[in-house]
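Enquirer: Would you be able to build a 3D model of this:
(one chain, ligands or ions: 1)
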Amino acid sequence: MNFQLSEEHLMIQKAARDFAVHELLPGVIARDEQQKFPAEQVKQLGELGFLGMMVSPTYGGAGLDTISYVLAMEEISKIDASTSVCMSVNNSLVCWGLETFGTEEQKQKYLVPLAKGEVIGAFLLSEPEAGSDATSQRTTAEDKGDHYLLNGTKNWITNGNSAGTYLVIAHTHPEKGSKGINAFIVEKSWPGVTVGAKENKLGIRGSDTHSIMFQDVKVPKENRIGEDGFGFKFAMKTLAGGRIGIASQALGIASGAYELALKYSRERKAFGKEISQHQAIQFKLADMATQIEAARLLCLKAAWEKDNHLDYTLSSSMAKVFASETAMWVTTEAVQVHGGYGYVKEYHVERLMRDAKITQIYEGTSEVQRIVISRAILG
Ligand code: CAA
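Expert: Reported below is the predicted structural model:
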């Protein structure tokens, strides 16, 4: 077993860190306050190959492994989780789903621009009344011979307005439960697609979260992904990889807050010495560092399993539940280390604390991860 990163991995990590520090940090507070989508920064990420990291170069991607993706996600998320969620959805839900299960025609038409970052993707599963219970979809795709007719509403869609390509999960045969669900590639510009207002969120406020409505949208038959009825498995398999992305995002939020707390503890003096010299702070920093290292190892293990074609359903859920709970705890402690300064925007940790919360909710709540884990343990 080798815990050392390769030269290539270290280069990718550094490239992501440099990008985050130079391109994301300068405007991150303003984007959070104004709920501004980082359009220019996302374009740059695409040009650098960070939006199709694991896609084969044949389809316009960077051809990297999942370990590289975890490292890049951590670095970007240390500074700007609103940008990293866009990156995560595009890489692991949209590009991976299309490359793994799409037809050659679908890959040429849709994957290539997504992998190059010329078009952004979104994954449309959640509904007003179907979040964790993904089988209870109300959106329908009625089979009309040469096309499907799509009707319904999707909620909480990351990249909802900025995306050009949607992967939509819908019921074709509601009476068949999870076996009656299909996944479709839908273009945002098609007649009958409406983007709702942007959600005003607690955290990741720069990210582009919208409801999307479909009214009699004609989806060509060739835009269905996989065999008839494959949609639920498509969603579950895709989300297993997506959870590695969100676990890495949570890891990055935690390690970003920890690095700020560490730095502040060496600068701030109280009772005649730096606060890092007080055991109360030392123990907090020790616990933060330990939790973060454990979360990092879980993320890398899940990534390694994926790269080695092993079943990573269990490890990705373990990584996600642990890293997201670590993010919530570490960011709260980082605010505490900063005292009053932690509660104001200039010091960044209050934003990281707000951003951390969503990692316990999206791509399967902490409760859903525990369902997946306990099913794997109990059979
Ligand atoms: N891989 C392959 N197949 C899987 C699978 C997996 N990981 N998980 C389930 N399946 C299969 C099952 O084997 C079963 O197949 P058979 O009928 O052939 O046996 C079928 O799918 C149905 O499975 P379940 O009976 O286990 O399904 P369930 O209804 O009990 O649901 C659940 C289980 C784990 C709770 C699931 O509904 C789930 O993961 N929910 C959370 C959904 C979610 O993550 N939503 C996030 C939205 S996307 C998002 O947030 C993106 C964003 O914007 C950031």
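Enquirer: What parts of the stretch 51-200 of the chain come near the ligand?
Expert: Taking C-beta under 6 Å from any ligand atom as the contact definition, the stretch 51-200 of the chain meets the ligand at 85, 89, 123, 125, 126, 132, 134, 135, 158, 178. In this view, the C-beta of every residue, glycine as well, is placed from N, C-alpha and C.
Enquirer: isn't the first one right up against residue 248?
Expert: No: counting by C-beta atoms under 8 Å, residue 85 sits too far from residue 248 to count as a contact (11.1 Å).
Enquirer: Compare these two (neighbour count), which wins?
Expert: residue 248 (33 against 28; other C-beta atoms under 10 Å).
Enquirer: Without its sequence neighbours, what residue ends up closest to residue 342?
Expert: residue 335 (3.7 Å; C-beta to C-beta, 6 or more residues apart in numbering).
Enquirer: Can you name every helix or strand that the strand or helix carrying the one you found contacts?
Expert: Using DSSP states H and E, residue 335 sits in helix 313-338. Counting contacts by 3 or more C-beta pairs under 8 Å, 6 or more residues apart in numbering; DSSP states H and E, helix 313-338 is packed against helix 231-267, helix 279-307, helix 349-358, helix 366-378.
Enquirer: Just the pLDDT at residue 183, thanks.
Expert: pLDDT recorded at residue 183 is 98.
Enquirer: so it makes contact with residue 235?
Expert: Yes: at 6.7 Å, residue 183 counts as touching residue 235 under the criterion of C-beta under 8 Å.
Enquirer: quick one: which of the two has more around it?
Expert: For residue 183 versus residue 235, the count of surrounding residues by other C-beta under 10 Å is larger for residue 183: 27 against 23.
Enquirer: now that one: how far from residue 93?
Expert: Using C-beta to C-beta, to the nearest Å, we find residue 183 at a distance of 11 Å from residue 93.
Enquirer: cool, and residue 36?
Expert: 23 Å.
Enquirer: And residue 135, by the same measure?
Expert: In terms of C-beta to C-beta, residue 135 sits 18 Å off from residue 93.
Enquirer: So between these two, which is more surrounded?
Expert: residue 93 (26 against 14).
Enquirer: these two touch, right, the more buried one and residue 121?
Expert: Yes: at 7.4 Å, residue 93 and residue 121 qualify as touching, with contact defined as C-beta under 8 Å.
Enquirer: Name the residues of stretch 272-290 that come out as buried.
Expert: 275, 276, 281, 284, 285, 288 (16 or more other C-beta atoms under 10 Å).
Enquirer: tell me the contacts of the second one?
Expert: Taking C-beta atoms under 8 Å, 6 or more residues apart in numbering as the contact definition, residue 276 lies against 262, 265, 266, 282, 285.
Enquirer: Output the below-cut-off pLDDT ranges for the protein.
Expert: Along the chain, no part satisfies pLDDT under 70.
Enquirer: rewinding a little: what would the helices and strands packed on helix 313-338 look like in JSON lines with distance to the ligand?
Expert: Output for these, formatted as JSON lines (distance: least, C-beta to the nearest ligand atom, whole Å):
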{"stretch": "helix 231-267", "distance to the ligand": "3"}
{"stretch": "helix 279-307", "distance to the ligand": "12"}
{"stretch": "helix 349-358", "distance to the ligand": "8"}
{"stretch": "helix 366-378", "distance to the ligand": "4"}
